[in-house]
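Trainee: Provided below are the primary sequence and the corresponding predicted coordinates.
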Amino acid sequence: MTTLSTEAIPSTGQDIGVLSAKFDSFEPQSMEEVLSHTTVEHLQLSRGRFLGEVMRAEFTTSTLDWGSYNLPLLASAGMPADRVTLGFILTSDGESLMNGKNFSASAVVVFTESTELYYHLAPNTQWLAFQVERSLLERIGLPLQQQFAGFAGNPSPGNRRLNQNLQDTLAVLRSISGPEPSPDVPDPVACMKEAEAYLFDLLTSAFTSVQSGYANGKQHFPEAIRLARFATDYILANMAEPLRIGTICRELDCDLKSLERAFRRVHGTSPRQFLTLIRLNRARQLLLDSNGSYTVTWAATACGIQHLGRFSQQYRLWFGEHPSETLARSIHAGKKS
C-alpha cells in the first residue's frame, strides 16, 4: 500500500513544492514516479516486508530527492542530463557499494550530468541527492571535470555535524509535504527558499572541504562496470528465455570468472543470484501493473520462470505475500481509480 501526499506551493513564476510517498510493500514503479528527474530501477535484495519513504522537493533553481529503506536494495540510475548531483548518505547499517566503491554513513558523493550509477544499498539506508545546475557551482569556484563521479570523504566530525543539519532541514521539508499543514511552518514558500539556500551552502561547503581527497574523478573499475552493464542489458532483453550464465558469457565473449568478479564488484552479488532477483522483481512489477490484465502464470512465464510452484514459494519468502495477493491488490487499486 502506498500513501502519497503532495504540497504544491504557488510562487512567482515558479512551481515549487514537496511530494512524498510512504510504502509498506515493495513498489518500485511508484517510488520512481516520485523521483521523476532521475531514471532509477530498484531490486529488493533480501527477504522480508519492505518499508520505505521517498520525497522530492522542487525549489526555484534546484531539486532534492530523499529516500529511506529498511531492506537492502540494488539499483541503477541515470543522473539528470542538465544538473550536477551532490549526494549524502545519512544513515546505513553497514557499508554499501556505489560504482564498485565501498561507502558508509556520512559519505559525501558527487556525480556530473548523465553519470551512470550502480549502487547496492545496505539495510536501513537513508540518503539524499541535491541536484543543481553546473553554472551555480562554477560561480562559487567549484571546478568539476565533465564526467566527474566520485566520493568526497567518509565519516569525519565535520560530516557528522553536516548529517545532523541535513536531518533537521529534511524534517522541516517533510512537515510541509504532510497531509495537514504544520503549524510550525506558517510560510511554506519562505521555508522552501530558506531550505534551498541552506542545503546549497551545506553540501557545497562539504564538497569544497574534502575535494582534495578525490583521486582524479574517474570512475572506479570501469571495465567491471562496462561488463556488468552489458550483461544486465542482455538479461533484460532475453529474460523470457531459459537463460544460463554460460550463455551470457559466450554472448559477451568473457569467461565466468571475469563475469563473477564484475558482478561482485558492481552489484555485490553473483550473476546467478542477480538473475533470480531480477526475475522475481520484474514479475512483481508486472503483477502490480496488471489491473487484472495478466495472470500470475503469465507474469512468471514472461520473466523466464518455469517452475510455478517454486516461484510462488520464493515470491512469498521474498516479498511477504503470495503473487496472487499482489495481483488482487493491483485489481482492487484499478477498480478504485
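Mentor: Alright, I've got the coordinates.
Trainee: mind showing which ranges of the stretch 151-300 of the chain have poor pLDDT?
Mentor: 151-158, 177-186, 208-221 (pLDDT under 70).
Trainee: And the helices in it, which stretches?
Mentor: 157-177, 188-210, 222-237, 245-252, 256-266, 271-289, 296-302 (DSSP state H, counting those that start in this stretch).
Trainee: Quick one: closest of the ones you listed to Arg139.
Mentor: Closest approach to Arg139 among these (C-beta to C-beta): helix 188-210, 10.5 Å. C-beta: built from backbone N, CA, C; applies to glycine.
Trainee: relative to helix 157-177, how tilted is that closest one?
Mentor: 160 degrees (axes from the mean of the first three to the mean of the last three C-alpha atoms, to 10 degrees).
Trainee: tell me which residues in helix 188-210 are buried?
Mentor: Burial within helix 188-210, assessed by neighbour count using 16 or more other C-beta atoms under 10 Å, is assigned to 188, 191-193, 195-196, 199-200, 202-204, 206-207, 209-210.
Trainee: now swap in stretch 121-131 and tell me
Mentor: Leu121, Ala122, Pro123, Asn124, Thr125, Gln126, Trp127, Leu128, Ala129, Phe130, Gln131.
Trainee: How about stretch 18-31?
Mentor: Val18, Leu19, Ser20, Ala21, Phe23, Ser25, Phe26, Glu27, Pro28, Ser30, Met31.
Trainee: could I have that stretch exported to PDB, CA atoms only?
Mentor: The C-alpha atoms that make up stretch 18-31 are tabulated as PDB, following Å, rounded to 0.1, in the frame of the first residue of the first chain:
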ATOM      1  CA  VAL A  18       7.200  18.900  -2.000                       C
ATOM      2  CA  LEU A  19       6.000  15.400  -3.000                       C
ATOM      3  CA  SER A  20       6.400  12.400  -0.700                       C
ATOM      4  CA  ALA A  21       5.200   8.800  -0.500                       C
ATOM      5  CA  LYS A  22       5.300   6.000   2.100                       C
ATOM      6  CA  PHE A  23       5.400   2.300   1.300                       C
ATOM      7  CA  ASP A  24       4.600  -0.800   3.400                       C
ATOM      8  CA  SER A  25       5.400  -3.100   0.500                       C
ATOM      9  CA  PHE A  26       7.900  -3.100  -2.300                       C
ATOM     10  CA  GLU A  27       6.500  -0.900  -5.200                       C
ATOM     11  CA  PRO A  28       9.500   0.200  -7.300                       C
ATOM     12  CA  GLN A  29       7.500   1.900 -10.000                       C
ATOM     13  CA  SER A  30       5.600   4.100  -7.500                       C
ATOM     14  CA  MET A  31       9.000   5.000  -5.900                       C
END
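Trainee: change the start of the numbering to 48 and stick with it
Mentor: Sure, I'll start counting at 48 from here, so that last one is stretch 65-78.
Trainee: Can you add secondary structure and pLDDT and give the buried residues of stretch 168-178 back as TSV?
Mentor: Output for the buried residues of stretch 168-178, formatted as TSV (DSSP: H, G, I helix; E, B strand; the rest coil; pLDDT from 0 to 100):
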residue	secondary structure	pLDDT
Leu168	strand	93
Ala169	coil	94
Pro170	coil	95
Asn171	coil	96
Thr172	strand	94
Gln173	strand	94
Trp174	strand	92
Leu175	strand	91
Ala176	strand	90
Phe177	strand	91
Gln178	strand	91
